[in-house]
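1. Here you go, sequence then predicted model.
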Amino acid sequence: MSMWTTNLNAFSGEVPVGRGSYSTVLPPGATDAPASIYKTSNVAGKMPTNDWWSSLAWSTHSEAQYPHPLAMKHQGDGIRIYYPGARVHALPGFVAGWMNDIHDFTVSHSAVGAFPDAKVDGFSDWFVKALYQQGNNSMSVSYGHGSPYAYFTFAGGDPKLKFYTPPTVWSGDSSSSVLGITIEGAHYGLFGPTGSTWSGIGSNTLANQLNGKNYFSIAVLPDDSVQTLNKFKQYAYSHITDTKVNYTYNEATSEVTTTFTASTAAKEGNQSGTIFALYPHQWKNSSAATLAYSYPSVRGQMKTVEGTGFQTKMKFNGVLPSLPDLGSYDKNVLNQYINEAAAEQFAGAADTYWTGKRLGKLAVLAPIADQVGNTAAASQFRSEIKSRLEDWLKASNASGNLKASNVFYYNNNWGTVIGYPDSYGTANELNDHHFHYGYFIKAAAEIARTDKDWASDANWGGMIKLLIRDIANVDRSDSMFPYLRNFDPYAGHSWASGHANFGDGNNNESSSEAMNAWAGLILWGEATGNKTIRDAGIYQYVTEMNAINEYWFDVHDTNFPAGFTKETASMIWGGKTVGDATWWTGNPTEVHGINWLPITSASLYLTQYPQYAARNYNALLSESGGNFSPWEDLVYMYRAISDPADAKAKFNARVSQLTPEAGNSKANAYHWIYSLDALGHADPSVTANYPIYAVFNKNGVKTYVVYNMTNSVKTVQFSDGHQVTVQPNSFNIGNGGGNNGGNNGGGNGDGGGNNGDIVTDDYTVRVNRASGSEVKIVFVPKTPALYVDIHYTVSGGQQLNYRMTNNNGTWEQVIGGLQGGNVIDYWFTYEKSGPQYDSPHYTFTN
């Protein structure tokens with residue numbers, strides 16, 4: 001993989017990347033990632049981390065793993081297999097689907113009592129292969145997300161299954177190759193090769209004599225019918241050998257299509273394909289025909305499909321670099337808060353997380369400062385972002401020596417970049433890289449929006465792209481980094497722990513900080529013209545958003561089981577859902593707020609379900625007794641989603657006493673609350689054919705917002721027929737119109753005008769200027785109309801509505817009292833052969 005080496009290295013081990021660099025030498029006094037990776041020589045490429053199965057690579061055997069619907073754990077005598085299923089249960093503060101020391105059975109090797117270890121022998125996008133080896137005796141097992149099956153290959157012995165109590169055998173006998181069994185209420189199919197036999201029926205140990213073959217498989221069954229057993233037998237000898245996810249973002253329809261494909265090898269016969277168990281975020285967004293079988297899980301009901309793969313389709317509702325300048329705020333008050341922020345001195349920890357939060361805070365403040373015309377503060381905020389980033393993105397100091405801090409180091413063993421000072425296990429456990437580096441990337445995207453030269457590969461862009469590759473590499477041929485380190489394409493969300501060495505599997509707490517990272521990729525990619533990075537961000541953003549709505553928020557109230565009384569999950573694990581604690585506290589405000597922060601223009605996904613937001617807020621109010629410390633600013637911002645009037649009142653009553661959350665500011669809180677007051681919530685029913693957009697809906701009135709990050713005028717079409725024309729590097733705001741303003745996020749680009757006739761299949765429209773203060777708008781329907789109404793605003797003023805004058809089939813309306821530069825935003829309601837239709841919005845600048 002080529003890097004952008006434009007300067008000579010200053011110390012041995014410094015790798016130049018544009019004007020920046022990273023080190024391949026560990027900084028003085030720094031803690032490195034572990035030297036040992038438990039893998040075989042069959043593993044090619046860099047080892048994934050932050051996966052559901054990562055403990056296999058980090059320890060002699062493994063901790064519990066939760067691919068769902070099954071759970072597994074490797075130990076010396078083999079792999080323990082457990083099906084949580086109906087045993088998933090809820091208490092008020094958590095949902096339990098963990099394995100602990102309970103298991104249904106252990107698959108062992110008949111000739112080996114204990115193996116020294118289990119190692120990663122291969123992996124694909126949602127499957128892993130483990131190898132147990134002792135001399136010439138071995139057992140390999142392949143298993144993965146959404147698979148009812150586990151596939152085994154033996155050398156030097158046969159499968160031996162050990163149970164705590166004798167299982168009930170309800171299909172087959174000692175002379176059968178296939179058994180149907182039940183243990184502790186869980187049903188399984190055990191599939192030996194044709195001609196194989198069983199011993200030990202009626203005891204705690206079942207052994208399959210492979211009859212000269214070397215393959216074997218098990219499947220957890222939805223029920224204990226012979227018909228179901230035979231259906232799963234159909235695919236039991238079709239062993240999965242590879243799994244792959246491919247995604248495409250269709251800009252025209254703003255839709256992400258994700259294709260899941262499993263490759264198989266037929267051990268008997270010629271059957272291909274398998275049975276997949278789909279998570280709720282998958283089957284709710286898929287048209288694949290489902291089977292009659294389903295599995296309860298800690299994530300909700302998993303439905304099944306059969307074949308070689310399936311697809312999901314999810315709509316992308318856009319991301320903005322900042323909220324537009326359309327709020328109901330007092331700009332003098334907003335400017336006061338900007339000046340307060342400008343006077344602050346950063347006193348946080350110097351590690352990658354707290355530095356990142358500082359960068360994120362500044363990146364939100366800068367465009368707000370633009371909007372109030374505070375150029376000094378805006379310049380100060382951007383200057384600090386640049387200076388902090390440039391310091392971190394250069395590994396050598398002024399003397400050419402390796403720095404001990406504010407430096408990124410590349411660990412070739414694990415294929416990862418580690419920033420020092422590290423924190424929260426980012427170095428020795430490879431935790432949280434997407435959280436930490438996401439702030440760096442998103443802040444860099446704000447600089448790239450206003451200073452594209454700074455973001456070039458020859459300057460600082462190459463190092464930002466290195467951080468992107470660390471957390472979200474999508475180049476499968478990249479020899480430096482694994483594919484999609486933090487994001488799990490099948491689970492649909494990211495994982496935080498690098499090693500996953502917990503009894504509950506891996507975990508992810510702050511889903512919102514993951515979304516912040518993916519938004520950073522989108523904005524960086526669009527600002528720098530890199531569609532690969534942009535589309536990778538869109539894929540992860542829209543998929544994780546759907547997972548958040550299902551598993552953290554359960555906005556449709558379909559996944560949290562009865563008995564779990566919380567309105568939000570604070571953290572999800574492979575084996576449980578937690579709703580009453582974070583890693584550091586049980587404070588209700590932080591339990592709720594950890595999946596809101598940082599609240600920025602990229603957080604509008606939180607506003608798509610205002611009724612759910614009301615439930616979430618009311619639950620917090622009940623749990624906290626109204627004491628929202630220490631993050632009350634975030635609470636009022638979240639409250640604005642469901643009740644902006646209440647949010648304004650509470651914020652204004654408390655603003656002089658509150659201390660904003662470390663990554664937030666009073667300016668951002670005030671700007672957000674009053675923006676939602678004016679605009680309403682994000683409307684997911686409308687999409688656009690350009691990704692940097694949002695559609696707001698307040699009581700049925702929609703506002704269409706686009707920020708054009710390109711250097712050319714862009715016309716953006718919305719799925720409901722509305723259209724806006726946007727000047728380069730500017731906002732265009734309103735229902736197809738716009739106002740004049742600057743291009744740093746503070747003003748709105750000129751929407752321009754319509755030159756010549758507007759011709760559609762239904763009508764022709766023309767605008768005739770009668771004088772400098774008067775225009776005539778003419779509507780000529782292709783089919784005679786019984787009526788035509790015109791609706792219009794002048795420069796964002798009050799909407800006016802008139803029945804147009806019919807002049808022999810041509811409908812006319814005169815608009816007077818205009819001044820030069822007035823922008824007329826207009827559209828029509830017209831009758832055509834009975835039904836009534838609404839036109840798109842058009843603009844005309846006088």
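-> Arrived safely, thanks for sending. None of these values were measured; they are calculated from a predicted model.
2. From here on, just use CA atoms for contacts and neighbour counts.
-> OK.
3. Show the end-to-end separation of stretch 71-80, please.
-> 8 Å (Cα to Cα, to the nearest Å).
4. again with stretch 785-804
-> Termini of stretch 785-804 sit 11 Å apart (Cα to Cα).
5. Skip the chain neighbours and tell me the closest residue to Ala219.
-> Tyr149 (4.3 Å; Cα to Cα, 6 or more residues apart in numbering).
6. any idea how far the one you found lies from Phe127?
-> Distance, Tyr149 to Phe127, using Cα to Cα: 11 Å.
7. Which other helices and strands does the longest helix along the chain contact?
-> Identified as the longest helix of the chain according to DSSP state H is helix 352-371. Secondary-structure packing of helix 352-371 (3 or more Cα pairs under 8 Å, 6 or more residues apart in numbering; DSSP states H and E): helix 331-343, helix 375-392, helix 433-450, helix 666-679.
8. Which among these is found nearest to Tyr279?
-> Minimum separation from Tyr279 across the helices and strands packed on helix 352-371 (Cα to Cα) falls at helix 433-450, 23.2 Å.
9. Now the closest one - C-alpha only, CSV.
-> Output of helix 433-450 as CSV, limited to C-alpha atoms (Å, rounded to 0.1, in the frame of the first residue of the first chain):
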residue,chain,number,x,y,z
HIS,A,433,-10.3,3.5,18.3
HIS,A,434,-13.5,4.6,16.5
PHE,A,435,-14.6,6.7,19.4
HIS,A,436,-11.3,8.5,19.8
TYR,A,437,-10.2,8.8,16.2
GLY,A,438,-13.7,9.7,15.1
TYR,A,439,-13.4,13.0,16.8
PHE,A,440,-10.1,13.7,15.1
ILE,A,441,-11.6,12.8,11.7
LYS,A,442,-14.7,14.8,12.1
ALA,A,443,-12.8,17.9,13.2
ALA,A,444,-10.5,17.5,10.2
ALA,A,445,-13.6,17.3,8.0
GLU,A,446,-14.6,20.8,9.2
ILE,A,447,-11.2,22.1,8.2
ALA,A,448,-11.4,20.3,4.9
ARG,A,449,-14.8,22.0,4.3
THR,A,450,-13.2,25.5,4.5
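10. Touching it from outside, list them.
-> Applying Cα atoms under 8 Å, 6 or more residues apart in numbering, the external contacts of helix 433-450 come out as 321, 352-353, 356-357, 359-360, 362-363, 382, 385-386, 389, 426, 454-455, 464, 467-468, 470-471, 486, 496, 513-514, 516-521, 523-524, 527-528, 709, 729, 744.
11. what's downstream of it, the next helix or strand?
-> helix 461-472 (DSSP states H and E).
12. which other helices and strands contact that next one?
-> Here helix 461-472 touches strand 20-23, strand 416-420, helix 433-450, going by 3+ Cα pairs under 8 Å, 6+ apart.
13. Give me whichever of the helices and strands packed on helix 352-371 is most buried.
-> When you average the neighbours per residue for each of the helices and strands packed on helix 352-371 (mean count of other Cα atoms under 10 Å), helix 433-450 leads with a mean of 26.
14. Can you check what angle separates it from strand 416-420?
-> Angle, helix 433-450 to strand 416-420, by axes from the mean of the first three to the mean of the last three Cα atoms, to 10 degrees: 80 degrees.
15. contacting residues for Ala33?
-> 411, 414, 427-430.
16. sorry, back to before: phi first, then psi, for the residue nearest to Ala219.
-> phi -100, psi 160 (degrees, to the nearest 10).
17. And Ala458, by the same measure?
-> Dihedral angles (degrees, to the nearest 10) for Ala458: phi -70, psi -20.
18. Skipping adjacent residues, who's closest to it in space?
-> Once flanking residues are discounted, Ala458 sits nearest to Gly18: 4.2 Å by Cα to Cα, 6+ apart.
19. Now do the same contact list for the residue nearest to the spatial centre of the chain.
-> Centroid check for the chain by Cα atoms, centre = their mean gives Glu544 as the closest residue, at 2.9 Å. Applying Cα under 8 Å, 6+ apart to Glu544 gives the contacts 492-494, 511, 515.
20. Which SSE is immediately downstream of the helix or strand that contains Thr715?
-> In the assignment (DSSP H and E), Thr715 maps to strand 714-717. Next in sequence after strand 714-717, counting helices and strands by DSSP H and E, comes strand 723-726.
21. Now do the strands in the stretch 451-600 of the chain.
-> Here the stretch 451-600 of the chain has its strands, by DSSP state E, counting those that start in this stretch, at 487-488, 493-494, 507-508, 571-573, 576-578.
22. Kindly report the same for the stretch 651-800 of the chain.
-> 681-682, 693-698, 701-708, 714-717, 723-726, 730-733, 758-759, 763-771, 774-781, 788-794, 800-803.
23. hey, which of these is tucked in deepest?
-> strand 730-733 (a mean of 30).
24. Give me the packing partners of that one, helices and strands only.
-> strand 701-708, strand 723-726.
25. For Asp633, find the nearest of the ones you listed.
-> strand 701-708 (25.5 Å).
26. ok, the closest one: who's next to it in the sheet?
-> strand 693-698 (antiparallel), strand 730-733 (antiparallel) (DSSP bridges).
27. So which of the ones you listed is nearest Met480?
-> Nearest of these (Cα to Cα): strand 693-698, 33.9 Å.
28. Okay, angle between the closest one and helix 666-679 too, please.
-> Going by the same axes, to 10 degrees, strand 693-698 makes 60 degrees with helix 666-679.
29. Give me the mean pLDDT for strand 693-698.
-> Per-region confidence: strand 693-698 scores 96 on mean pLDDT.
30. Same question for stretch 537-550.
-> Mean pLDDT, stretch 537-550: 99.
31. and that stretch, C-alpha only, in CSV?
-> The C-alpha trace of stretch 537-550 is given here as CSV (Å, rounded to 0.1, in the frame of the first residue of the first chain):
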residue,chain,number,x,y,z
GLY,A,537,-19.2,6.3,6.1
ILE,A,538,-22.7,6.3,4.7
TYR,A,539,-22.8,2.5,4.8
GLN,A,540,-21.7,2.3,8.5
TYR,A,541,-23.8,5.4,9.5
VAL,A,542,-27.1,4.2,8.0
THR,A,543,-26.6,0.6,9.2
GLU,A,544,-25.6,1.5,12.7
MET,A,545,-28.5,4.0,12.9
ASN,A,546,-30.9,1.1,12.2
ALA,A,547,-29.2,-1.0,14.8
ILE,A,548,-29.4,1.8,17.4
ASN,A,549,-33.1,2.2,16.8
GLU,A,550,-33.6,-1.5,17.3
